[in-house]
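1. return atomic coordinates for the entry below.
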Amino acid sequence: MEVKTAEELNVSVRTIARYVVVASLLVAGLLVPLFVFEEYAQIVNTLLLVLLLGLVGRTFVSSMLAFSRVDPVETVADEELPTVSVLIPAYNEEPVLQGTIDACELLDYPREKLEVVICYERASTDRTAEIAERAAAGSDLFRAVERDEPGGGKAKATNYALRHATGDIIASIDADHQFRSDAVRRAVSWFVSDEDIWCVKGRCYGRNPTDSLLALHATVERHIAEKADLFAREVVGGFTIFGGGQAFFRAEVFTELGDFDETVLVEDIDMSSKIHSAGKELQVDPQVITYEENPATLSAWWSQRSRWARGWMQVAVRYLPTLPRQPTVSLRKRLDAVYTFSYAIVPAFFILALPMNLLSHLTRIKTATYIPDAWVLWTLISIAPVVVSYLIFIQDWRDGEAHHPLEYLAAFTLWFYLIFQTIVFVAAFIDEFVLDAPSVYITTSRSG
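-> Numbering: from 1, shown residues only. Predicted structure coming up:
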């Protein structure tokens, strides 16, 4: 898979025009029946309202379920702890890598049972290699491994790093993630408590909300996703998943299921699906915390979010026909997987609401829904980001995690950010299903 930085993206006027033309044709094709079938607008708007309720309603419920707590069954003595290899793929990570290294130094875990493998790309054009080699030279905790292979992406780099890992437990983190000191010990306790747990997913906690307005809103959005959505799946026994920012695995996962898939843009969601298909458990524990950096510039944010959106669509197409039929997966997880993968594609159609509403003002076309008192539901949808955000803030206050004051304000403008993000889904949909564009792994620029 070809790898580019956000700065290398060639976003020309011609490229933008191509997306606009394709999107316009798609919207036009969906709006043509308006002038033939009188009730079409009401049907579409009713469907859109139901789909939004499915998304927002689940988030409401998830934010309340997230008040629950989960803890490992056993407290493990140092002499009984397994060995752990922390893998850090690094490509042009100079602004953040040293902070990640420093956090590894402070981990509350026996040093003789811990190794940190920094796998840096020879193609890096900054001081990534120097920082990695200096860490390895200064401490026996670190090993610096140079990767000089064609192609790349997160999956390929992590698979290369796996060759150098010797631990019973493999922890994979992005180069901008800084462990809370107890993170590794707590994650490992889950593996000791239950042999069916093959993966532990913690919480990625945004640490740079003041870098820009985008970083601020992305931070609040990630709080909702990480604390509410992902953890609520654990609480109800649903389709749990892990994000590539941080996760822990038994080493035998890669023996039994193979390496990360290097052909998809979200190898983490693909591996999550494999783990469930194998009849094993993926534990989500929001008290296993790493502090992450969210994209601060438009180019970095767009490249990351479009990669996630398109990657989710790739995995959805792969697993929607197969995972719901897996006899090794519980019925609840299968139904949740159908919901999850369906909503990987559905957001691309939310943007239809805009031309529908415009047409209702310019023509006599009726756009009301078939749902009585729909305005009540639209009101609930409109206040959802604020309510959900503050429920998360309360939970974090209870657990001793702090938020910047600006985050409390950003909750009130989060809808504008989410609406803007639907454009990413539309572009990803066009790339994947209309243009069949080649997959390119765009790395996330770091601000440090």
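2. check contacts around the nearest residue to residue 324 once chain neighbours are set aside.
-> Computed as C-beta to C-beta, 6 or more residues apart in numbering, the closest residue to residue 324 that is not its neighbour in sequence is residue 334, at 4.6 Å. For the C-beta atoms, the positions are set from N, CA and C on the backbone; glycine is no exception. Residue 334 makes contacts with 239, 323, 324, 325, 326, as judged by C-beta atoms under 8 Å, 6 or more residues apart in numbering.
3. give me the pLDDT value at the nearest residue to the fourth one once chain neighbours are set aside.
-> In space, residue 325 comes closest to residue 334 once its chain neighbours are excluded; the distance is 7.8 Å by C-beta to C-beta, 6+ apart. pLDDT for residue 334: 95.
4. what do you get for residue 354?
-> 65.
5. quickly find the element holding residue 369.
-> Using DSSP states H and E, residue 369 sits in no helix or strand.
6. sorry, slip of the keys, the one I care about is residue 161.
-> Here residue 161, judged by DSSP H and E, is contained in helix 154-162.
7. how far is the helix or strand following that helix from where the chain is centred?
-> Downstream of helix 154-162, the first helix or strand assigned by DSSP H and E is strand 169-173. On the basis of C-alpha atoms, centre = their mean, to the nearest Å, strand 169-173 is displaced by 17 Å from the centre of the chain it belongs to.
8. least confident secondary structure element in the chain?
-> helix 353-362 (a mean of 62; mean pLDDT, DSSP states H and E).
9. what's the helix holding residue 161 packed up against?
-> Helix 154-162 sits against strand 84-90, strand 114-121, strand 142-147, strand 169-173, helix 267-277, with contacts defined as 3 or more C-beta pairs under 8 Å, 6 or more residues apart in numbering; DSSP states H and E.
10. tell me what angle the shortest one forms with helix 267-277.
-> If I follow you right, that is strand 169-173. 150 degrees (axes from the mean of the first three to the mean of the last three C-alpha atoms, to 10 degrees).
11. strand partners of strand 169-173, parallel vs antiparallel please.
-> Here strand 169-173 is paired, per DSSP bridges, with strand 84-90 (parallel), strand 246-250 (antiparallel).
12. output those strands as TSV; include the columns mean neighbour count.
-> Shown next, in TSV, are the strands paired with strand 169-173 (neighbours: other C-beta atoms under 10 Å):
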stretch	mean neighbour count
strand 84-90	26
strand 246-250	24
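13. just the CA atoms of stretch 163-180, as CSV, please.
-> These are the backbone C-alpha positions of stretch 163-180, laid out as CSV (Å, rounded to 0.1, in the frame of the first residue of the first chain):
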residue,chain,number,x,y,z
ARG,A,163,9.1,-10.1,14.2
HIS,A,164,11.2,-8.5,17.0
ALA,A,165,8.7,-8.9,19.8
THR,A,166,9.5,-11.6,22.5
GLY,A,167,6.7,-10.9,25.0
ASP,A,168,3.8,-13.1,26.0
ILE,A,169,1.6,-10.0,25.7
ILE,A,170,1.9,-7.6,22.7
ALA,A,171,0.9,-4.0,23.2
SER,A,172,0.7,-1.8,20.1
ILE,A,173,0.5,2.0,20.4
ASP,A,174,0.8,4.9,18.1
ALA,A,175,3.9,7.1,18.4
ASP,A,176,1.8,10.0,19.8
HIS,A,177,0.3,7.9,22.7
GLN,A,178,1.6,8.3,26.2
PHE,A,179,0.7,5.6,28.7
ARG,A,180,-0.8,6.4,32.0
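14. gap between it and the chain center?
-> 18 Å.
15. for it, list every residue counted as buried.
-> 165, 167-180 (16 or more other C-beta atoms under 10 Å).
16. which one of those residues sits closest to residue 215?
-> residue 176 (12.1 Å; C-beta to C-beta).
17. where does that closest one land in three-state SS?
-> Under DSSP: H, G, I helix; E, B strand; the rest coil, the three-state class of residue 176 is coil.
18. doesn't residue 101 make contact with it?
-> No. Using C-beta atoms under 8 Å, residue 176 is not in contact with residue 101; the gap is 11.7 Å.
19. spit out the residues that contact those two alike.
-> With C-beta under 8 Å, 6+ apart, residue 176 and residue 101 have no common neighbours.
20. which parts of the stretch 151-300 of the chain are helices?
-> 154-162, 183-193, 213-223, 230-235, 252-257, 267-277, 298-319 (DSSP state H, counting those that start in this stretch).
21. what does the fourth one rub up against?
-> Counting contacts by C-beta under 8 Å, 6+ apart, the residues outside helix 230-235 that touch it are 61-63, 65-66, 68, 70, 201, 203, 238-241, 243, 283-286, 336.
22. if we go to 6 Å?
-> 62, 65, 66, 68, 240, 284, 286 (C-beta atoms under 6 Å, 6 or more residues apart in numbering).
23. would you format the residues you listed as JSON lines with pLDDT included?
-> Formatted as JSON lines, those follow (pLDDT from 0 to 100):
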{"residue": "62", "pLDDT": "96"}
{"residue": "65", "pLDDT": "96"}
{"residue": "66", "pLDDT": "96"}
{"residue": "68", "pLDDT": "95"}
{"residue": "240", "pLDDT": "96"}
{"residue": "284", "pLDDT": "97"}
{"residue": "286", "pLDDT": "96"}
